[in-house]
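Visitor: just the structure for this:
(chains A and B)
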Number of protein chains: 2
Amino acid sequence: MDATFQQIGIIHSCFTEKFGIPRQSGLIPEAHAELEIFPPYNREEAFRRLETFSHIWILFIFHAIKTKEWKPCVRPPRLGGNQKIGVFASRSGFRPNRIGLSAVKLLAITKGDSCIKLMIQGGDFLDQTPVLDIKPYLPYADAIPSATGGFATERPKTKMKIEFSSKARSSCIEKEKQGYPGLCELIVQTLSSDPRPAYHSQRPLRKKFGVKLYHFNIKWEIMDDHILVSEIEDC
Amino acid sequence: MDATFQQIGIIHSCFTEKFGIPRQSGLIPEAHAELEIFPPYNREEAFRRLETFSHIWILFIFHAIKTKEWKPCVRPPRLGGNQKIGVFASRSGFRPNRIGLSAVKLLAITKGDSCIKLMIQGGDFLDQTPVLDIKPYLPYADAIPSATGGFATERPKTKMKIEFSSKARSSCIEKEKQGYPGLCELIVQTLSSDPRPAYHSQRPLRKKFGVKLYHFNIKWEIMDDHILVSEIEDC
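Guide: All right, here's what the predicted structure looks like:
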């Protein structure tokens, strides 16, 4: 039995490339995104009372995976990239049906002129992610305090302090004024969740990295005991 | 953008008709079900380490909805059936893309002879539900203690005590011995979650009901201060 689904909307996110995207939702609170609803789903009444929920589920498509094949096993970064686990024991996009699932904070819904947008926070979406469904997060059914989580029991987090060069700091503050509020904190939270590929965090092969946020290339380096944000370039 | 997905498995559940199905997962712990994985997804390695998670997400299709149209508004039973809310503010199946989402307890995975089955507990699935995806429940990302839940903040529960007629009780005990362990408790839990249509629980129009569990018709009545399970018939 095959099932065909339509895209109901698209996500506009600060994560414009895969590198740097948090490995789950909720890890980078400063990650703001906008979910734009497409016709014919952009009807105000279809969202009535949604604003009474603090959080929502977004079901989306992993659209940036080029191969059509699925892999029975994946190597999660959380396990250092050298252990294989089943794809169904992971949240990887290389699954038979490439549906992703993320809970995000719902900040606001803007309605008007046949245009409905949901302002969300804490997502782990690549920019331009196609959305299939939106559901309210029901605490009594969805938050399971007794659940235990296999190998991925804790939030991924680097212990290294994050510092900015004076050039990067002033560039960041300037961009915040130009319409990117919270950019400094977004950079800190993104680097805190350690976006390096697993083999790098195990055995550092190089020390300089770049991560793209919005249309900025954030250049950063691993120093002895901290991470240095060295430069912020337009790209 | 359309997306086509394949069914990866099917659920064999005690709920053989819509009436009586809990309104969310987790409400009826005694509801046991079996998720059978179809080829080519029935590969042992695709499930490696899944058993280390206590709970899993199941993404499924609402297959019993006959109409192909979606409704922008629904009348949730939780609001007495007389208030309309947006379909995206509900977990109703009458949504543009009929994907359902439920967290269930993972009891066991049986593997062998190209046959993979997941034994699950606490689901809200109609028998024969087609499954699209299985994901581990990650407590640090999925359990959000701060979430608040709009109109559906508490578990639905009737306050009425549930009693069995002596005929129903002995019939139930007999069936438990014949391969339906926990049937009495399943009946109690099912009726405790008040499966009556909303307009009945508001203004009782009739007092006798039947709910189908496995291939049994459970007959029950609303008495003055309790619910009486009067008879259990094969059907």
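
Visitor: next secondary structure after the helix or strand bottoming out on mean pLDDT in chain A?
Guide: Lowest on mean pLDDT, DSSP states H and E among the helices and strands of chain A sits helix A:198-202, with a mean of 60. Sequence order places strand A:208-213 as the next helix or strand after helix A:198-202, per DSSP states H and E.

Visitor: ok, the following helix or strand past that following strand: who's next to it in the sheet?
Guide: With elements assigned by DSSP H and E, the helix or strand that comes after strand A:208-213 is strand A:216-222. Strand A:216-222 pairs in its sheet with strand A:208-213 (antiparallel), strand A:226-234 (antiparallel), by DSSP bridges.

Visitor: can you give me how far the longest one is from the chain middle?
Guide: Here the centre of mass of C-alpha atoms in strand A:226-234, compared against the chain's by CA atoms, centre = their mean, to the nearest Å, lies 20 Å away.

Visitor: need the phi and psi values for A:R98.
Guide: The phi and psi values for A:R98, taken as degrees, to the nearest 10, are phi -80, psi 60.

Visitor: likewise for the one 5 residues further on?
Guide: Per-residue torsions, A:A103: phi -100, psi 130 (degrees, to the nearest 10).

Visitor: and it, what pLDDT?
Guide: The per-residue pLDDT reported for A:A103 equals 96.

Visitor: if I look at it, how far off is chain B?
Guide: Applying CB to the nearest CB, to the nearest Å, the value for A:A103 to chain B is 6 Å. Glycine gets a C-beta too; all of them are placed from N, C-alpha and C.

Visitor: contacts only, for the spatially most central residue of chain A.
Guide: Of all residues in chain A, the one closest to the mean position by CA atoms, centre = their mean is A:D124, 1.4 Å from it. For A:D124, the contact set (CB atoms under 8 Å, 6 or more residues apart in numbering or on different chains) comprises A:15, A:21-25, A:27-28, A:31, A:102.

Visitor: quick one: which of the residues you listed is nearest chain B?
Guide: Lowest distance from chain B to the contacts of A:D124 (CB to the nearest CB) belongs to A:Q24, with 3.8 Å.

Visitor: isn't that closest one right next to B:L138, touching?
Guide: Yes. The pair A:Q24 and B:L138 qualifies as a contact (CB atoms under 8 Å) at a distance of 6.2 Å.

Visitor: ok, residues contacting the top helix by length along chain A?
Guide: Secondary structure of chain A per DSSP state H: the longest helix is helix A:166-177. Helix A:166-177 has contacts (CB under 8 Å, 6+ apart) with A:164, A:182-184, A:187, A:216, A:219, A:229-232.

Visitor: show me what counts as buried in it.
Guide: For helix A:166-177, burial by neighbour count (16 or more other CB atoms under 10 Å in any protein chain shown) applies to A:168, A:171-172, A:175.

Visitor: mind putting these in CSV, pLDDT included?
Guide: Below are the buried residues of helix A:166-177 laid out as CSV (pLDDT from 0 to 100):
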residue, pLDDT
A:A168, 97
A:S171, 96
A:C172, 95
A:K175, 95
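
Visitor: any idea how far chain B is from the residue nearest to A:G93 when sequence neighbours are not counted?
Guide: Spatial nearest neighbour of A:G93, excluding adjacent residues (CB to CB, 6 or more residues apart in numbering or on different chains): A:F62 at 3.2 Å. According to CB to the nearest CB, A:F62 stands 10 Å off from chain B.

Visitor: count of residues packed around A:F62?
Guide: 16 (other CB atoms under 10 Å in any protein chain shown).

Visitor: quick one, phi/psi of it?
Guide: phi -70, psi 90.

Visitor: so it touches A:N97, yeah?
Guide: No. In this structure, A:F62 is not within contact of A:N97 by CB under 8 Å, at 9.8 Å.

Visitor: and for the two, which residues touch both?
Guide: With CB under 8 Å, 6+ apart as the test, A:F62 and A:N97 reach no residue in common.

Visitor: poorly predicted segments of chain A, please.
Guide: Within chain A, the ranges that satisfy pLDDT under 70 run A:152-154, A:156-158, A:197-206.

Visitor: now the helices: where do they sit in it?
Guide: A:139-142, A:166-177, A:183-192, A:198-202.

Visitor: take these and lay them out in a markdown table including distance to A:I56.
Guide: A markdown table is the format used below for the helices of chain A (distance: least, CB to CB, whole Å):
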| stretch | distance to A:I56 |
| --- | --- |
| helix A:139-142 | 11 |
| helix A:166-177 | 27 |
| helix A:183-192 | 21 |
| helix A:198-202 | 30 |
